[in-house]
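Trainee: Sharing a model that was predicted from the sequence below.
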Amino acid sequence: MSSKIRLFFSKELKANLLSNLSNEQSHYIKNVMRLKPGDTISLFNSVNGEWSAKIVSHNKENTEFKVEKLIKSKKLENDLWLAFSPIKKNHLDMMIQKTTELGIQKFIPILSERTIVKEINTERLKKIIVEASEQSNRISVPKIESLKSLKDFLDKFPNNGSLIFCDINCDRSNLKNFLQKRNQGPVCILVGPEGDFSERERQLIIEKKETFSLSLANNILRVETAAIASVTIVNYHLNFN
């Protein structure tokens, strides 16, 4: 029996490979989905693409599988990043999940003067990212960096990148024209904390030559709303213009 179950497999995938799922994945396959030897699943990673694999056996601690054939090759994707100030857990989880579905390649949590939540559980967020990647049919799995200060983020932002700053105080600008003329490196969307960046921080951001200020709405948006809206808008222009 073939299934629609997709699992991220970080190691090499190739035809006729015999290997084992992780303990957590094995439990899910065996005890939750109740798949049996002979059933087929999909395994993927950003290096090797997506492959069909047949379950060989269920052992006490893990499930053995054999890779059969390539289903989908890896493809070139927009190098789109999201830099954000941590927010409360439920809102943060939803923001990470949805922007993973929308195509973010890297998450960069930053601390600013008005950041309220000072810590994040990176390992928990990695699990959300993997699950969202599996569910959304994407092959790549985004990376998440450790917390850093806004200044450190700005100082180390690549010179060949483009920084899109979600700024309610800016004049309306033509995003389409900006993206057509942008640098060839990554495009990073920057959203502020609850209460927004301080004026000092705002000046540091807009003074960088790689920065383009983007106003999303006349209303004040929650952090997670601004992130999802901006990723949607930018990805649309990157894909279709």
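Mentor: Sure, I can see it.
Trainee: Give me the below-cutoff pLDDT ranges for this structure.
Mentor: 1-3, 171-173, 241 (pLDDT under 70).
Trainee: And the helices in it, which stretches?
Mentor: For the chain, the helices defined by DSSP state H cover 23-27, 89-102, 122-135, 150-155, 175-181, 199-206, 223-240.
Trainee: Of the ones you listed, which is nearest Phe44?
Mentor: helix 122-135 (8.1 Å; C-beta to C-beta). Backbone N, C-alpha and C define where each C-beta goes, glycine included.
Trainee: quick one on the thing from earlier: out of the helices of the chain, nearest to Phe8?
Mentor: Nearest of the helices of the chain to Phe8, taken as C-beta to C-beta: helix 122-135 at 5.0 Å.
Trainee: Please name every helix or strand in contact with that closest one.
Mentor: In this structure, helix 122-135 packs against strand 2-8, helix 89-102, strand 143-144, with contacts taken as 3 or more C-beta pairs under 8 Å, 6 or more residues apart in numbering; DSSP states H and E.
Trainee: what comes up buried for it?
Mentor: 125-126, 128-130, 132-134 (16 or more other C-beta atoms under 10 Å).
Trainee: repeat for stretch 201-208
Mentor: In stretch 201-208, counting by 16+ other C-beta under 10 Å, buried: 201-202, 204-205.
Trainee: got a markdown table for the residues you listed, with distance to Asp93 too?
Mentor: Converted to a markdown table, the buried residues of stretch 201-208 look like this (distance: C-beta to C-beta, whole Å):
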| residue | distance to Asp93 |
| --- | --- |
| Glu201 | 26 |
| Arg202 | 28 |
| Leu204 | 29 |
| Ile205 | 26 |
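Trainee: from these, which single one is nearest Ser10?
Mentor: For those, the closest approach to Ser10 (C-beta to C-beta) belongs to Ile205, at 34.6 Å.
Trainee: Contact partners for the closest one?
Mentor: Neighbouring residues of Ile205 by C-beta atoms under 8 Å, 6 or more residues apart in numbering: 150, 154, 163, 165, 167, 190, 197, 211.
Trainee: show me what contacts the third one?
Mentor: Which is Leu163. Per C-beta under 8 Å, 6+ apart, neighbours of Leu163: 157, 188, 190, 205, 208, 210-212.
Trainee: again, only using 6 Å
Mentor: Residues near Leu163 by C-beta atoms under 6 Å, 6 or more residues apart in numbering: 188, 190, 210-211.
Trainee: ditto for the second one
Mentor: With contacts taken as C-beta under 6 Å, 6+ apart, Leu154 has no neighbouring residues.
Trainee: Roughly how far does it sit from Asp39?
Mentor: Computed as C-beta to C-beta, to the nearest Å, the Leu154 to Asp39 distance reads 50 Å.
Trainee: next one: the first one
Mentor: Using C-beta to C-beta, one gets 49 Å for the distance from Leu150 to Asp39.
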